[in-house]
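Asker: okay, predicted coordinates and the sequence, questions at the end:
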Amino acid sequence: MVERALAADGPLTRASLASLLSAAGLPADGGVALHVLMLASLRGIAVRGPMIGGEHAYAHVREWLGQQPPDPDPDQALAWLARRYLAGHGPATDRDLAKWAGLPVTWARRGLAAIAADLRDRPDGRAELASAARSAGQPPPRLLGAYDPVLLGWASRSHVLAGHEEIVTANGRFRPFVLVAGQAAGTWAYQGGDVLVDRFARMPREVEAALAAEAADVRRFLAGEPELAPDDA
């Protein structure tokens, strides 16, 4: 039904799709339309397209992205997936890749094995692209948002959360958190036009200064103020 509607009528808002589904006999409540649209997206039928008014409309994948190439060879697809994953998450293990992609571990291993010639030897056994830049050390202190990618796509988050899993990722929610020396050092929230930081422990003065600069950037961004030029900072 969604495929026919998108192909015939072009991009449609979620409300328009819900009306069509209701007219076809599906329940109008209970989030049925949202679940049908999600299924159509997962099956490669629907994709977010243009804006209609202030709302994102959904379009047929073929109409919005053009004719798609034929499905690739499974081993080639796994190799491509493994390479793309390591480009953003390496170094990582086969279980990390499997967790991120929702695939069996055996498939993740097939993908990594297919690109073995492109990997760098590591003493910890994790996979890393040989072309990846060497780490320059720990990242600077940051205020990371909810569901930040640094916590997504790993078999375990303990290397970042270090015992604070139930604070940062309680009940399936990923709260905004403070990253210091590569580990969670607190949580933060934007309330009443200000950034409020809840620290897990006291922090050095230089870290506090870096977080204050981060907070100023957050306030400026959320207030819609223009970014300062280097000479104005």
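Answerer: Nice, thanks for sending it over. Residues are numbered from 1 along each chain as shown.
Asker: what's the helix or strand for L86?
Answerer: In this structure, L86 sits in helix 74-89 according to DSSP states H and E.
Asker: what packs against that helix?
Answerer: In terms of contacts (3 or more CB pairs under 8 Å, 6 or more residues apart in numbering; DSSP states H and E), helix 74-89 is packed against helix 94-101, helix 105-114. Bear in mind the C-beta positions are built from the backbone N, C-alpha and C, glycine included.
Asker: can you say which of the ones you listed is nearest to R142?
Answerer: Judged by CB to CB, the one of those that comes nearest to R142 is helix 94-101, at 21.4 Å.
Asker: which residues touch that closest one?
Answerer: 81-82, 85-86, 89, 103-105, 107-109, 111-112, 127, 152-155 (CB atoms under 8 Å, 6 or more residues apart in numbering).
Asker: I'd like the average pLDDT over that helix.
Answerer: On average, the pLDDT along helix 94-101 is 95.
Asker: quick one on the thing from earlier: turn the helices and strands packed on helix 74-89 into JSON lines, columns for distance to D198 and mean neighbour count.
Answerer: Listed next are those as JSON lines, based on distance: least, CB to CB, whole Å; neighbours: other CB atoms under 10 Å:
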{"stretch": "helix 94-101", "distance to D198": "28", "mean neighbour count": "19"}
{"stretch": "helix 105-114", "distance to D198": "36", "mean neighbour count": "19"}
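Asker: closest one to V218 among these?
Answerer: helix 94-101 (27.5 Å).
Asker: coming back round to it: list the buried ones in the helix holding L86?
Answerer: Within helix 74-89, the residues that count as buried by 16 or more other CB atoms under 10 Å are 78-79, 81-83, 85-86, 89.
Asker: just how off-centre is stretch 187-195 within its chain?
Answerer: Here stretch 187-195 shows a centroid-to-chain-centroid distance of 22 Å under the convention CA atoms, centre = their mean, to the nearest Å.
Asker: can you give me the end-to-end distance of that stretch?
Answerer: Using CA to CA, to the nearest Å, one end of stretch 187-195 lies 10 Å from the other.
Asker: could you find the lowest-pLDDT member of the buried residues of helix 74-89?
Answerer: For the buried residues of helix 74-89, the weakest pLDDT value sits at H89, with 90.
Asker: which helix is the longest one in the protein?
Answerer: Identified as the longest helix of the chain according to DSSP state H is helix 205-222.
Asker: which residues does that helix contact?
Answerer: Residues contacting helix 205-222 (CB under 8 Å, 6+ apart): 140-143, 178, 180, 185, 188, 190, 193-195, 197, 203, 227-228.
Asker: which among the residues you listed count as buried?
Answerer: Buried among those (16+ other CB under 10 Å): 141, 143, 178, 180, 185, 188, 190, 195, 197, 203.
Asker: you'd agree the fourth one is up against L144?
Answerer: Just to be clear, that refers to V180. No. Taking contacts as CB atoms under 8 Å, V180 lies outside contact range of L144: 10.8 Å.
Asker: what sits against the residue nearest in space to the middle of the chain?
Answerer: Nearest residue to the geometric centre of the chain (CA atoms, centre = their mean): P149, 4.9 Å. Contact analysis of P149 by CB under 8 Å, 6+ apart lists G88.
Asker: could you measure from it over to H56?
Answerer: Separation of P149 from H56 (CB to CB, to the nearest Å) stands at 21 Å.
Asker: before we move on, what about A155?
Answerer: Distance of A155 to H56, computed by CB to CB: 33 Å.
Asker: how about R48, phi and psi?
Answerer: Main-chain dihedrals, R48, degrees, to the nearest 10: phi -60, psi 130.
Asker: great, nothing more from me.
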